[in-house]
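> Need the 3D shape of this:
(one chain, ligands or ions: 1)
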Amino acid sequence: MKWKRSERLVDMTYYLLEHPHQLIPLTYFSELYSSAKSSISEDLTIVKETFEEKGIGLLTTVPGAAGGVKYIPRMAEHEVRQITRELIAELSQSDRLLPGGYLFMTDLLGNPELMNRVGKVFASAFGDQKIDVIMTVATKGISIAHAIARHLNVPVVVVRRDSKVTEGSTVSINYVSGSSRRIQTMVLSKRSMKSGQRVLITDDFMKVGGTMNGMKNLLEEFDCELAGIAVLVEAEHADETLVGDYYSLVKLQEVNEKDRTIALSEGNFFQKGRN
Ligand SMILES: O=P(O)(O)OC[C@H]1C[C@H](OP(=O)(O)OP(=O)(O)O)[C@H](O)[C@@H]1O
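Numbering: from 1, shown residues only. Now for the predicted structure:
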C-alpha cells in the first residue's frame, strides 16, 4: 500500500498518542509506510511543530542507531485551570457532603474521560523526571493511578489494607490515617517493586497525610525512592501535613455541615510551576 503524506501524518500521530513515553525507532515508521527516513523525518517535524503549537505535548528525538522519537504528553496551563474549575464546580454541590466532613467523589473517580485528563495533568507535571512506578492505596486512588500511569507508560502498584494469599509474600507497615484517626495496615506484595525504583505516589484525597506518609514509609521497606506525590483533593486542616512536598489540584477549604456549604479553591499545583 502506498501511503500519501496526509495518511502517514494521521496514522503516525495516532500511533504516537497511543504510545506515550516510548522510544519509537524511525525505521518502524519507514518500514510501516515504505517511505524514506528523510520523508519520515519531515513528517515528524510537522507533527512536532503542531503538537508544540497546540500544547498537545513534546516530540523528542534521540539520534543514532538506537535512537528514535518519543511523545511526551504535556498540558497547557489554561487546560489545567479548566479541569480545576470543573472539579471545583462539581465538588461544591451540597449533596456531595458526607458525615464527618467528607465529600462523595466516587462518581468523579469513575469518570474515565475526567480521570484521563487528571492523569495527563499529573503526567505532564512529572514528564521530565524518571518515574518507574505509580503507587496508590486501595481503593479510591486506583483510577487516578492508572490514568497517570497510562500517560507515563509505567506500571501501577496498589497497596492493600489487608493481606491476601493471592499476593504472595508481602511487606506490611502500620500507619495512622488522619481521616479515620485509627491505626491501619498497609500491605504490598514483595514482587511489586525493585530496589532503587523511583515512585510517584497518588491518591484521591489527602487530609492529614497519614495515608501518604504510610506509603512513603512503605517505599523505604522496598529501598525505593519517592519521586513525588500527586493528590486530586487536599483538605485544609489545623495540623501540619505529615508529608512535605506534594501537588494537589483542588483544596477543600471548609465544610459547613449545618449550612451544607462546601468551600473549595485551586490546589497548590500552579504555585509549584511544573505544568
Ligand atoms: O490523608 P489521610 O488523613 O490519611 O486520609 C486520606 C485517605 C482516606 C481516604 O481513603 P478511605 O476512604 O479510607 O479508603 P478507600 O480509598 O479504600 O475508600 C482517602 O481515599 C485517602 O486514601
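> residues in contact with the residue nearest the centre of the chain?
Using CA atoms, centre = their mean, the residue of the chain that lies closest to the mean C-alpha position is residue 148, 2.7 Å off. Under the criterion of CB atoms under 8 Å, 6 or more residues apart in numbering, the contact list for residue 148 reads 119, 122, 123, 126, 134, 200, 202, 230. Every C-beta, even on glycine, is put in place using the N, C-alpha and C of the backbone.
> That one: which element?
Using DSSP states H and E, the element containing residue 148 is helix 142-152.
> Following element in sequence after that helix, please.
Next in sequence after helix 142-152, counting helices and strands by DSSP H and E, comes strand 156-159.
> The helix or strand that that next one is followed by packs against which elements?
Sequence-wise, the next helix or strand downstream of strand 156-159 (DSSP H and E) is strand 170-177. The helices and strands touching strand 170-177, judged by 3 or more CB pairs under 8 Å, 6 or more residues apart in numbering; DSSP states H and E, are strand 182-189, helix 210-221.
> So for the last one, what gets flagged as buried?
In other words, helix 210-221. Neighbour-count burial for helix 210-221 flags 210, 211, 212, 213, 214, 215, 216, 218, 219 (criterion: 16 or more other CB atoms under 10 Å).
> Name the nearest residue to the third one, sequence neighbours excluded.
It stands for residue 212. Nearest-residue entry for residue 212: residue 243, 4.6 Å, with adjacent residues in sequence omitted and distances by CB to CB, 6 or more residues apart in numbering.
> tell me the contacts of the one you found?
If you count contacts by CB under 8 Å, 6+ apart, residue 243 has them with 206, 209, 212, 213, 216, 229.
> likewise residue 230?
So, once contact is read as CB under 8 Å, 6+ apart, residue 230 ends up touching 122, 125, 126, 144, 148, 200, 201, 202, 246, 247, 248.
> just checking, it is part of a helix?
No - following the definition DSSP: H, G, I helix; E, B strand; the rest coil, residue 230 is strand and is not counted among the residues of a helix.
> Tell me which entries of the contacts of residue 230 lie within helices.
122, 125, 144, 148 (DSSP state H).
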